[in-house]
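Q: Sequence and predicted model, in that order:
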Amino acid sequence: MAERLLIDCDDSILIVIDAQPAFLDKLPARERRDLVASLSWLIGAATWLAIPLVVTAEDLPHLGGVAPELAHVLPDIPIVNKMIFGLADDPAILAAVVRTNRKTAILTGLETDVCVAQSALGLVERGYHVVAVADATGAPEPAHTAGLSRMREAGVVIVNVKNLYYEWLRTVEQVRRFRTECAHLVVPEGLRL
């Protein structure tokens, strides 16, 4: 059987990992702003496409929830407390992923070299098709690049927001519908759709 090469929105789950101020604030201001914009936009696109979301926050009682600028765009779903760097090793988080009945895990969030990479590797080990979105993940350099390299070497597909958008939508008609119905979503600066 041939391996799936295009990302299917009907098999996707969007996972937003630890997009908390404690991690975002480690990034230079422009990178932080761009990452938050990309995450917000992807959450909006996933919501429009009825793609399930799993959202984690590391050590929620001590580090707090997701960044306020992301919290207001999230649908009404619980933020899952994550106390293990690789989310696949947390039975409650893995159960939330499994309940979606989807096998393509789209990973976004922070930090690329630790929680995103360990989550990616754990999901690959459990048979998921794992995709990391390079411009919707973050860590201070050189850690971001190292994390992307580590995942790529393990078979994780690395895409950018634009790649993912067009693979999810697939047709000119679908893009037109999205642009009409989601005109309220702010396209991240530099994202040329």
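A: Looks like it came in fine.
Q: packing partners for the lengthiest helix in the chain?
A: Across the chain, the longest stretch assigned as helix under DSSP state H is helix 29-48. On a contact count with 3 or more Cβ pairs under 8 Å, 6 or more residues apart in numbering; DSSP states H and E, helix 29-48 meets strand 12-17, helix 21-24, strand 53-58, helix 68-71, strand 104-110, strand 129-138, helix 161-169, helix 172-181. Yep, even glycine has a C-beta here, placed from its N, CA and C like the rest.
Q: Between the ones you listed, which one is closest to Ala46.
A: strand 12-17 (4.3 Å; Cβ to Cβ).
Q: Tell me which strands the closest one pairs with, and in which orientation.
A: Strand 12-17 sits in its sheet next to strand 53-58 (parallel), strand 104-110 (parallel), going by DSSP bridges.
Q: Tabulate the helices and strands packed on helix 29-48 (a markdown table), appending distance to Ile79 and mean neighbour count.
A: Listed next are those as a markdown table, based on distance: least, Cβ to Cβ, whole Å; neighbours: other Cβ atoms under 10 Å:
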| stretch | distance to Ile79 | mean neighbour count |
| --- | --- | --- |
| strand 12-17 | 9 | 26 |
| helix 21-24 | 14 | 19 |
| strand 53-58 | 5 | 23 |
| helix 68-71 | 8 | 14 |
| strand 104-110 | 12 | 26 |
| strand 129-138 | 18 | 24 |
| helix 161-169 | 22 | 19 |
| helix 172-181 | 26 | 12 |
